[in-house]
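Asker: Curious how this folds, go ahead:
(one chain, ligands or ions: 1)
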Amino acid sequence: MPYLSTNPATGEVVAAFDDHTEVEVEALVARAAATFQQYRQTSFSDRAMWMRTAAEILEGELPNIAQVLTEEMGKTFNAAKGEVLKCAMTMRYYAEHAEAMLTEESIPTSASRSGVRYDPIGVVLAVMPWNFPLWQVVRFAAPALMAGNVGLLKHASNVPKAALLLEDAFRRAGFPDGCFTNLFLPARRVAALIADDRIAAVTLTGSEAAGQSVGAAAGHALKKCVLELGGSDPFIVCSSADLDRAVPMAVTGRVQNNGQSCIAAKRFLVVEDRYDEFLQRFSAEMDALVVGDPMDPGTTVGPLVSAQQRDEIAQQVADAVSKGATLNAGGFAPEGPGFFYRPTVLSDVTSDMRAGCEELFGPVAVVERVATLAEAIEVANSTPWGLGASVWATDVAEQETCIRGIEAGMVFVNAIVASTPELPFGGMKRSGYGRELSELGIREFCNVKTIFVA
Ligand code: NAP
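Answerer: Okay, the predicted model is just below:
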């Protein structure tokens, strides 16, 4: 299938791009591999200069770039501007900090000099999703390019314009041709590319199915692989929670990016003594959200990315309701064009319902009553995933119990889960392995070279 840009607010196809042919891919991979040999010799200060210029380009063209994101995947224009600015901020962060993160470390031994250095590893293939079409890529590319690697991007087939504009921004910023290359490549051709000797490593952000396929191909080729996959993050409301803060953030945590975020709060586990009040206030706020044209500043929730995604969410809700779940808000797709779905709150959900055992990648929340905090943690840990968790408690002992007890890559207390350039991002269990961002993330795609000089 070619790369299609479809406006989810209208359903219209806006642009189409053919897949690159085998010959074109061969030329682009060869160029990337050749560029790496030159680029790895460049100084941190040159890379930082190009990275800062890329940030300036994104900031300078903010409305135009944000509009592309909104028209291509449906996030609100406000959210799109926020995404672009976060990319620019992260580029500046790695421009400033990468050298210190990768400085040779001395480890005393009997040698006159011993320790580790962090060398770039080469051409890294990034297979990326559509939900944050710039941010997911920059989260990989800013550290990787600063480390001296070069990147090949296989973006999701519904965000070709975002892929092209990022490639263009890096090129105009001064990065040598071949440092960051967009490939219009169908998913079925990814495994063969991973096997190519010129590819050093691969990173994927996406679904479990894609993770299995990319992880298998990387394993077969014995190549380094980082996987950022799905999740069903719990949002735990403890007895000591401040509901004036927790309720609005529960809403934001569920509907940000129109509900299509891996780290969205998806299961709201509320202890008995706060349940009724939380459910009532949360449902009322979800019901009051404005769904509509994502370019309109008054809109809080735009469309889902595709008719297929909207239908999937609608079926998950219908399945739950037909098996006895209670609908507290939403539960339907508004009339008219576009792939909209009303923010929805379900309760009395059981594990035999799809909403009780699948990831809900849309604005649908499941609220569950738990007797104690211990039960909340048990339920939180009962899924196959372990990406993030958001905990709401003013009591320090309750906070600590959650921090220690929850099986997830990230636990945020009195805040919703978010990514930030300073902190590692990633999950455990079926949410994937490896980390992005921070010192840990930038080192994932480095050769940790041990040095011993007798
Ligand atoms: P997806 O279908 O897995 O697509 C993600 C990327 O993988 C796309 O570029 C896609 O290409 C490619 N792909 C799909 N199947 C592949 C295969 N068998 N081999 C190689 N590449 C393949 O993911 P999605 O459904 O669009 O995205 C939503 C999922 O991603 C959710 O589960 C969400 O939680 C997860 N996600 C995780 C994170 C995180 O950081 N942990 C962040 C965002 C999203 P095509 O478009 O050409 O199919």
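Asker: Over to the closest residue to the ligand within the stretch 251-400 of the chain: give its phi and psi.
Answerer: Going by C-beta to the nearest ligand atom, the ligand is nearest to residue 262 of the stretch 251-400 of the chain, at 3.2 Å. In short, each C-beta sits where N, CA and C put it, glycine included. Torsion angles at residue 262 (phi, psi; degrees, to the nearest 10) stand at phi -60, psi -30.
Asker: State the helix or strand in which the residue nearest to it when sequence neighbours are not counted lies.
Answerer: Closest residue in space to residue 262, ignoring its immediate chain neighbours: residue 231 at 5.4 Å, by C-beta to C-beta, 6 or more residues apart in numbering. Assigned by DSSP states H and E, residue 231 belongs to no helix or strand.
Asker: go on, the one 3 residues further on?
Answerer: Residue 234 is part of strand 233-237 when elements are defined by DSSP H and E.
Asker: just residue 295 next, same as before
Answerer: Assigned by DSSP H and E, residue 295 falls within no helix or strand.
Asker: Show me what the strand holding residue 234 pairs with in its sheet, parallel or antiparallel.
Answerer: strand 265-271 (parallel), strand 388-392 (parallel) (DSSP bridges).
Asker: how about the residues of the stretch 101-250 of the chain near the ligand?
Answerer: Where the stretch 101-250 of the chain comes near the ligand, counting by C-beta under 6 Å from any ligand atom, the residues are 127-131, 154-157, 186-187, 190, 205-207, 210, 213-214, 228-231.
Asker: Show me what the strand or helix carrying residue 210 packs onto, helices and strands only.
Answerer: Using DSSP H and E, residue 210 maps to helix 208-221. Packing partners of helix 208-221 (3 or more C-beta pairs under 8 Å, 6 or more residues apart in numbering; DSSP states H and E): helix 190-195, strand 199-205, strand 224-228.
Asker: Pipe the ones you listed into TSV and attach mean neighbour count and distance to residue 314 per row.
Answerer: Formatted as TSV, the helices and strands packed on helix 208-221 follow (neighbours: other C-beta atoms under 10 Å; distance: least, C-beta to C-beta, whole Å):
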stretch	mean neighbour count	distance to residue 314
helix 190-195	17	30
strand 199-205	24	25
strand 224-228	23	27
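Asker: Reformat the ones you listed into CSV and put mean pLDDT next to each item.
Answerer: Below are the helices and strands packed on helix 208-221 laid out as CSV (pLDDT from 0 to 100):
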stretch, mean pLDDT
helix 190-195, 98
strand 199-205, 98
strand 224-228, 98
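Asker: how about a markdown table for those, with distance to residue 245 added?
Answerer: A markdown table is the format used below for the helices and strands packed on helix 208-221 (distance: least, C-beta to C-beta, whole Å):
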| stretch | distance to residue 245 |
| --- | --- |
| helix 190-195 | 43 |
| strand 199-205 | 30 |
| strand 224-228 | 28 |
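Asker: Specify the stretch among these that is closest to residue 42.
Answerer: Checking the helices and strands packed on helix 208-221 against residue 42 by C-beta to C-beta gives strand 199-205 as the closest, at 17.5 Å.
Asker: Quick check: neighbours of the closest one in the sheet, parallel or antiparallel?
Answerer: strand 123-127 (parallel), strand 224-228 (parallel).
Asker: How about the contacts made by the nearest residue to residue 143 once chain neighbours are set aside?
Answerer: Spatially, and ignoring its direct neighbours in sequence, residue 143 is nearest to residue 442 (3.9 Å; C-beta to C-beta, 6+ apart). By C-beta atoms under 8 Å, 6 or more residues apart in numbering, the contact set of residue 442 is 94, 98, 101, 102, 118, 143, 144, 146, 147.
Asker: So residue 442 versus the ligand, what's the distance?
Answerer: Applying C-beta to the nearest ligand atom, to the nearest Å, the value for residue 442 to the ligand is 16 Å.
Asker: That residue is in what secondary structure piece?
Answerer: Per DSSP H and E: helix 438-444 holds residue 442.
Asker: could you say what helices and strands the helix or strand just after that helix packs with?
Answerer: Using DSSP H and E, the helix or strand that follows helix 438-444 in sequence is strand 446-453. Of the remaining helices and strands, those touching strand 446-453 by 3+ C-beta pairs under 8 Å, 6+ apart are strand 113-120.
Asker: try 10 Å this time
Answerer: With contacts taken as 3 or more C-beta pairs under 10 Å, 6 or more residues apart in numbering; DSSP states H and E, strand 446-453 sits against strand 105-106, strand 113-120.
Asker: Check these for me and report the most buried one.
Answerer: strand 113-120 (a mean of 16; mean count of other C-beta atoms under 10 Å).
Asker: Note down every partner strand of that strand and its orientation.
Answerer: Using DSSP bridges, the strands paired with strand 113-120 are strand 105-106 (antiparallel), strand 446-453 (antiparallel).
Asker: List the contacts of that strand.
Answerer: 36, 39-40, 98, 101-109, 144-150, 200, 439, 442-443, 445-454 (C-beta atoms under 10 Å, 6 or more residues apart in numbering).
Asker: make it 6 Å
Answerer: The contact list for strand 113-120 (C-beta atoms under 6 Å, 6 or more residues apart in numbering) reads 40, 102, 104-107, 147-149, 443, 446-453.
Asker: What ranges in this structure fall below the confidence cut-off?
Answerer: The chain contains residues with pLDDT under 70 at 1.
Asker: what residue is smack in the middle of it?
Answerer: By C-alpha atoms, centre = their mean, the mean C-alpha position of the chain lies nearest to residue 136, the distance being 5.3 Å.
Asker: if I pick it, what's in contact with it?
Answerer: Counted by C-beta under 6 Å, 6+ apart, residue 136 has contacts 128, 129, 205.
Asker: In what element of secondary structure is it found?
Answerer: helix 135-146.
Asker: Kindly report the same for residue 110.
Answerer: Using DSSP H and E, residue 110 sits in no helix or strand.
Asker: neighbours of it, just the number please.
Answerer: Look at residue 110: counted by other C-beta atoms under 10 Å, it has 7 neighbours.
Asker: Can you pull the phi/psi pair for it?
Answerer: Dihedral pair for residue 110: phi -80, psi -10, per degrees, to the nearest 10.
Asker: Noted, bye for now.
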